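Chemist: got a predicted structure here, sequence first:
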Amino acid sequence: MILPELTCHRPATLAEALRLLGELGAEAAVVCGGTDVLVDMKERLRAPKHLVSIRRIAPLGEMALDPDGALRIGAAVTANAIAASALVRPEAPALAEAAGTLASYPVRNLATIGGNLISAVPSSDFAPILVALEAEAILEGREGRRAVPLDRFFLGVRRTVRQPHEILTAVRIPAGSLMSAEVRVGACYLKFAYRGASSLAVAGVAARIRLAPYPNSGCLGCRVVLGAVAPTPILVHPAAACRFGNRFNAECLGENARLALEQAQPIDDIRGSAKYRLEIVDALTRRAVETAGKRANRE
């Protein structure tokens with residue numbers, strides 16, 4: 001298919017990009033790597049007349065620790081940059097691992113964390129682990145800046161709370177979800193796909209466990225998030241066995257798996273039946289929670 005005639009804008013500042021979005025309105029689409037936007041255009045899912053590229057806006061391509069210890073990742077940072085980052089890997093290794101499972105290596109050189117979240121497809125690899133880590137999306141628009149917890153960011157398939165005049169500028173992970181936190185933190189993201197990293201997830205599970213400092217082994221919180229088994233990521237209601245103060249043990253695995261199965265909403269499609277997805281969710285939830293627990297225990 002031949003794409004329609006387009007005007008591509010390459011603003012150097014966020015203010016300029018926001019001005020363009022305000023002027024162009026519904027005729028404009030924000031683009032960075034283009035791995036989702038251009039595919040959507042070819043499939044006639046959208047037909048913008050203007051593309052506003054955010055690739056040249058320097059702060060959107062940066063990663064840093066904020067003064068409060070939170071990890072901030074610019075929306076234009078690519079999946080490969082996150083997977084290889086000397087900052088992300090020790091602070092949020094599960095996020096680096098998830099980034100390395102997205103699509104193929106050439107695609108990861110272009111695909112960005114912001115684009116993956118804005119696309120809001122159920123098979124997203126970034127969404128489950130970021131929700132598990134209690135991350136928030138930083139949105140900037142003509143009315144100012146706002147932070148939206150990612151567990152409230154997605155509204156449905158290809159639908160988010162972002163307004164047309166807003167740009168997702170960064171993702172922020174609080175210090176309490178990072179490995180350097182005073183409490184013991186462990187996280188994990190697992191997915192099942194037919195062709196390994198180059199294929200979309202049939203189902204995915206992310207888990208994050210927080211344990212009290214030694215010698216106490218009390219659980220300070222467990223978050224399990226399901227991907228590709230509902231229109232949006234599912235934050236599983238916490239298992240009683242993993243609630244505040246309880247010791248993390250084998251009971252947590254079975255109870256989290258049971259709750260995950262109860263709350264999953266899989267469908268039948270070309271990649272698998274609903275029944276098959278439930279079997280995958282059961283296995284992945286047990287493995288993800290167990291791995292997160294071991295990492296929190298520094299095993």
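Modeler: Ah, there it is.

Chemist: list the beta-bridge partners for the residue lying closest to Arg146 once chain neighbours are set aside.
Modeler: Nearest residue to Arg146 in three dimensions, chain neighbours excluded: Leu139, at 5.3 Å (C-beta to C-beta, 6 or more residues apart in numbering). (Glycine included, C-beta is placed from N, CA and C.) In this structure, Leu139 bridges to Arg146, Leu168 when assessed by DSSP bridges.

Chemist: where does Thr291 fall, secondary structure wise?
Modeler: In this assignment (DSSP states H and E), Thr291 forms part of helix 274-296.

Chemist: any idea how far the residue nearest to Arg146 lies from Val183?
Modeler: Going from Leu139 to Val183 by C-beta to C-beta, to the nearest Å gives 29 Å.

Chemist: okay, the two: which has more neighbours?
Modeler: A count of neighbours by other C-beta atoms under 10 Å puts Leu139 above the other of Leu139 and Val183, at 23 against 14.

Chemist: wait, doesn't that one sit right on His165?
Modeler: No - under the criterion of C-beta atoms under 8 Å, Leu139 is not in contact with His165, lying 9.9 Å apart.

Chemist: how about Ile234: what's its closest non-neighbour residue?
Modeler: Ile234 sits nearest to Leu226 (C-beta to C-beta, 6+ apart), 4.2 Å away.

Chemist: quick one: contacts of stretch 169-183?
Modeler: 14, 59-60, 66, 68-75, 90-93, 95, 113-114, 117, 130, 133-140, 145, 147, 150, 185, 187, 208, 210-213, 220 (C-beta atoms under 8 Å, 6 or more residues apart in numbering).

Chemist: not counting sequence-adjacent ones, nearest residue to His122?
Modeler: Actually, residue 122 is Pro. It isn't His. Using C-beta to C-beta, 6+ apart, the closest residue to Pro122 is Ala228 (5.2 Å).

Chemist: ends of stretch 5-20, how far apart?
Modeler: Stretch 5-20 has an end-to-end distance of 18 Å (C-alpha to C-alpha, to the nearest Å).

Chemist: mind listing what's buried along that stretch?
Modeler: Across stretch 5-20, burial judged by 16 or more other C-beta atoms under 10 Å covers 9, 11, 14, 17-18.

Chemist: also stretch 20-37?
Modeler: Neighbour-count burial for stretch 20-37, with 16+ other C-beta under 10 Å as criterion, is recorded at 21, 24, 28-37.

Chemist: and stretch 195-212, by the same measure?
Modeler: The neighbour-count check on stretch 195-212 (16+ other C-beta under 10 Å) flags 199-212 as buried.

Chemist: per-residue confidence at Ala241?
Modeler: On the pLDDT scale, Ala241 is placed at 65.

Chemist: ok, back up a step: restricted to strands, list the buried residues of stretch 20-37.
Modeler: Of those, the ones assigned to strands by DSSP state E are 28-31.
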